[in-house]
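Colleague: Provided below are the primary sequence and the corresponding predicted coordinates.
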Amino acid sequence: MDFRQLRTFSCVAELGSLSKASDTLRVAQPALSRQIKLLEHELRTELFTRNGRGMVLTEAGRLLLARTSGIVRQIDQIRDDIQSAKGPPSGQVVLGLVPTVSCVLSARFARRCVEKFPGISLRIVESYSGHIVEWLHRGEMDLAILYGRSADLHLNVQSLGRDNIVAVGPRGCGLARKKSVDIGWLLRQRLVLPSHSHGLRALIEHAAAQRKIKLNVQLEADSFRVLTSLVEEGLGFALLPPSSVHAEVADGRLETAMVSKPMTRELIFASPIDRPASTASLAVTALLREEVAACRKEGVWDIKLS
């Protein structure tokens, strides 16, 4: 298969549109369309369904994307590394962050990266740990900060420490006046939680099962921002890392309290184990470590060292 065809296919699949891919790749639409048709002819199957909303992958197209997207990125990185050998780092770096980390790091780290590495195109992807691990394995992501047991991930990992989980409630709920709250009392309150596929939910469910408590969960939210807004509206309590609601607590919109029996999650740096990191990725990783250390020093992020 021709690399240009695969790169075109990957771009169209990601953007869902020939016109958007044309703008990104700076190649005329008819030329991109011919490359897709040649690839379909070689594979003897349709890769896209064309409709009024754009280009939608067929089953064969999804299979091809899963098998080749990492290859396309690696070839692009080889080109970028060769160019970087003559000067400052350049190329694209894809950074994955879980939502509770993203709200602390994304904006301030992006600003530092733009200032220090103008030749690097940084793409920040916010998602939950399970999705991030899958993208790292497929070579679609360069590095990430996520939650998980480092021994179970089959990735290059380094523990950052353990993130505390605290009780979070709306303004006036009384948490701010307490040094800590009893975990049994908290688990019996009306809670706003992420769905069962989320690692934090599993941690909370385990704590409730140990105490034979049936959780009262009427509202679920897999968006961190939706979850905190529901708590602000007084629709329930949540359990979250304190750093993730630092701004809301400072503004008086939310209140927090420690939990009587500490609940923590391991926070780790992760990168693919089966391919070398690009020059740009190594530069971004070093800068990211500096930013995490700065957050700790400023008290913005209270991570307990392992």
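Modeller: Thanks, I have the structure now.
Colleague: ok, which stretches of the stretch 1-150 of the chain are helices?
Modeller: 3-15, 18-25, 29-43, 59-84, 99-116, 129-137 (DSSP state H, counting those that start in this stretch).
Colleague: which one of these has the lowest average pLDDT?
Modeller: Lowest mean pLDDT within the helices of the stretch 1-150 of the chain: helix 59-84, at a mean of 81.
Colleague: and it, how far out from the chain's middle?
Modeller: Averaging C-alpha positions (Cα atoms, centre = their mean, to the nearest Å) puts helix 59-84 20 Å from its chain's average.
Colleague: please apply the same query to stretch 289-306.
Modeller: 19 Å.
Colleague: likewise for stretch 76-85?
Modeller: Going by Cα atoms, centre = their mean, where stretch 76-85 is centred and where its chain is centred differ by 25 Å.
Colleague: can you list contacts of it?
Modeller: 7, 90-92, 119, 278-281 (Cβ atoms under 8 Å, 6 or more residues apart in numbering). Using the backbone N, CA and C atoms, a C-beta is placed for each residue, glycine as well.
Colleague: longest strand of this structure?
Modeller: Longest strand in the chain by number of residues (criterion: DSSP state E): strand 156-170.
Colleague: and the angle for it with helix 129-137?
Modeller: For strand 156-170 against helix 129-137, the angle by axes from the mean of the first three to the mean of the last three Cα atoms, to 10 degrees is 160 degrees.
Colleague: end to end, how far does stretch 146-158 reach?
Modeller: By Cα to Cα, to the nearest Å, the extent of stretch 146-158 from end to end equals 11 Å.
Colleague: for that stretch, what is the average pLDDT?
Modeller: For stretch 146-158, mean pLDDT is 80.
Colleague: and stretch 210-228, what's buried?
Modeller: 215, 217, 220-221, 224, 227-228 (16 or more other Cβ atoms under 10 Å).
Colleague: straight-line length of that stretch, end to end?
Modeller: Termini of stretch 210-228 sit 26 Å apart (Cα to Cα).
Colleague: same question, stretch 237-253
Modeller: 13 Å.
Colleague: so for it, what gets flagged as buried?
Modeller: 237-246, 248-249.
Colleague: stretch 85-92 now?
Modeller: Of the residues in stretch 85-92, 89-92 count as buried by neighbour count, 16+ other Cβ under 10 Å.
Colleague: ok, the closest residue to residue 249 other than its chain neighbours to residue 111 distance?
Modeller: For residue 249, ignoring the flanking residues on the chain, the nearest one in space by Cβ to Cβ, 6 or more residues apart in numbering is residue 256 at 5.8 Å. Here residue 256 is placed at a distance of 27 Å from residue 111 (Cβ to Cβ, to the nearest Å).
Colleague: now for the residue nearest to residue 5 when sequence neighbours are not counted, how many residues are close by?
Modeller: Nearest residue to residue 5, sequence neighbours excluded (Cβ to Cβ, 6+ apart): residue 39, at 4.3 Å. Residues lying near residue 39 (other Cβ atoms under 10 Å) number 20.
Colleague: help me confirm that residue 39 comes into contact with residue 47.
Modeller: Yes - counting by Cβ atoms under 8 Å, residue 39 touches residue 47, with 6.7 Å between them.
Colleague: between the two, which contacts overlap?
Modeller: residue 9.
Colleague: tell me the buried residues in the helix or strand encompassing residue 284?
Modeller: For residue 284, the element it lies in under DSSP states H and E is helix 279-298. The neighbour-count check on helix 279-298 (16+ other Cβ under 10 Å) flags 279-285, 287-288, 291-292, 295-296 as buried.
Colleague: can you list these in JSON lines and add distance to residue 3?
Modeller: Shown next, in JSON lines, are the buried residues of helix 279-298 (distance: Cβ to Cβ, whole Å):
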{"residue": "279", "distance to residue 3": "21"}
{"residue": "280", "distance to residue 3": "20"}
{"residue": "281", "distance to residue 3": "21"}
{"residue": "282", "distance to residue 3": "24"}
{"residue": "283", "distance to residue 3": "26"}
{"residue": "284", "distance to residue 3": "25"}
{"residue": "285", "distance to residue 3": "27"}
{"residue": "287", "distance to residue 3": "30"}
{"residue": "288", "distance to residue 3": "30"}
{"residue": "291", "distance to residue 3": "35"}
{"residue": "292", "distance to residue 3": "36"}
{"residue": "295", "distance to residue 3": "40"}
{"residue": "296", "distance to residue 3": "43"}
